[in-house]
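1. no letters, just coordinates:
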């Protein structure tokens, strides 16, 4: 990460939503709507984080943790900030937050075509545990991945 770029991870707030939505829309064919993020902000079992550089949202992660299981629901990094390790920072925060909340397993789903994300998840210790056929828009399969936390 360039020394001039100072990234700080912090809980997502409603004030972040315009920038978060812009990143979401630019990142996904079927983006979440504002209501999805509002629900994440309000739910007691949800942990939405942003990676911020001053007033700019460089990326975000939405995760739920309930009892012994946690799941990464949504993660994206702004195109201009990719390749700087921000996704890894967000995943590491998700892992530590899941552990702090008593989760023993962290899971996620990823498009089978998203080779870069799959490689990153594998570097973070996630393993392939299954496949959901035609999960994305009824066309693309989702790879199921998990990481044991205990």
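-> Structure's in. What do you need? Every value quoted in this text rests on a predicted model; they were computed, and no experiment measured them.

2. quick one: the helices in the protein?
-> With DSSP state H as the definition, the chain shows helices at residue ranges 17-27, 34-42, 86-100, 115-123.

3. residue 32: neighbour count?
-> Other residues within reach of residue 32, judged by other Cβ atoms under 10 Å, total 18. (C-beta placed from N, C-alpha, C; glycine too.)

4. with residue 75 instead?
-> Around residue 75 there are 22 residues (other Cβ under 10 Å).

5. which non-adjacent residue is nearest it?
-> residue 61 (4.5 Å; Cβ to Cβ, 6 or more residues apart in numbering).

6. look up phi and psi at residue 101.
-> With angles defined as degrees, to the nearest 10, residue 101 shows backbone torsions of phi -100, psi 10.

7. next up, the contacts around it.
-> Each residue near residue 101 by Cβ atoms under 8 Å, 6 or more residues apart in numbering is listed here: 47, 65, 70.

8. now do the same end-to-end measure for stretch 26-46.
-> Using Cα to Cα, to the nearest Å, the span of stretch 26-46 from its first residue to its last is 23 Å.

9. how close does residue 89 sit to residue 112?
-> Distance from residue 89 to residue 112, counting by Cβ to Cβ, to the nearest Å: 25 Å.

10. in CSV, list the helices of the chain along with mean pLDDT.
-> Formatted as CSV, the entries for those read as follows, by pLDDT from 0 to 100:
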stretch, mean pLDDT
helix 17-27, 98
helix 34-42, 97
helix 86-100, 97
helix 115-123, 96
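
11. what about stretch 39-54, distance to the chain center?
-> In terms of Cα atoms, centre = their mean, to the nearest Å, the gap separating the centre of stretch 39-54 from the centre of its chain is 10 Å.

12. outside of that stretch, which residues touch it?
-> For stretch 39-54, with Cβ under 8 Å, 6+ apart as the criterion, the contacting residues are 5-14, 16, 20, 37, 57-66, 73, 77, 81, 86, 89-90, 93-94, 97, 101.
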